[in-house]
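> What follows is a protein structure lacking sequence information:
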């Protein structure tokens, strides 16, 4: 099990990014959370098996159809054992 903290830059607010992210996380059985930040980014945490977390990070590089992702920051963190994926 692993945990990654990501920050997604670009046109990622107002395009259903977080809800689409939640649906993708549920499909991949990844837990964590996502929230909009005041600087226009979306911040998220993903926990789960390595292949599923890496698939979520890959998804973040394009997001939903109306998004325009410029960059994705990824940071390793210690696994906490989250049990759901929440939108904050």
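Great, that's in hand. Quantities reported herein were computed from a predicted structural model and do not represent experimental measurements.

> Find the residue at the geometric middle of the chain.
residue 44 (4.4 Å; Cα atoms, centre = their mean).

> Identify the residue spatially nearest to it, adjacent ones excluded.
residue 34 (4.0 Å; Cβ to Cβ, 6 or more residues apart in numbering). In this view, the C-beta of every residue, glycine as well, is placed from N, C-alpha and C.

> And residue 88, by the same measure?
Nearest non-adjacent residue to residue 88 (Cβ to Cβ, 6+ apart): residue 35, at 3.8 Å.

> Tell me if the residue nearest to residue 44 really is in a helix.
No: under DSSP: H, G, I helix; E, B strand; the rest coil, residue 34 falls outside any helix and is assigned strand.

> From residue 46, how far out is the residue nearest to residue 82 when sequence neighbours are not counted?
With sequence-adjacent residues excluded and distances taken as Cβ to Cβ, 6+ apart, residue 82 is closest to residue 31, at 4.1 Å. Relative to residue 46, residue 31 is positioned 8 Å away (Cβ to Cβ, to the nearest Å).

> Point me to the helix or strand that includes the residue nearest to the centre of the chain.
Assigned by DSSP states H and E, residue 44 belongs to strand 42-48.

> which helices and strands does that strand pack with?
Contact analysis of strand 42-48 by 3 or more Cβ pairs under 8 Å, 6 or more residues apart in numbering; DSSP states H and E lists strand 2-11, helix 17-28, strand 31-36, helix 50-60 as its packing neighbours.

> From residue 42, how far off is residue 24?
Taking Cβ to Cβ, one finds residue 24 at 13 Å from residue 42.

> actually residue 34, not the one I wrote
According to Cβ to Cβ, residue 34 stands 6 Å off from residue 42.
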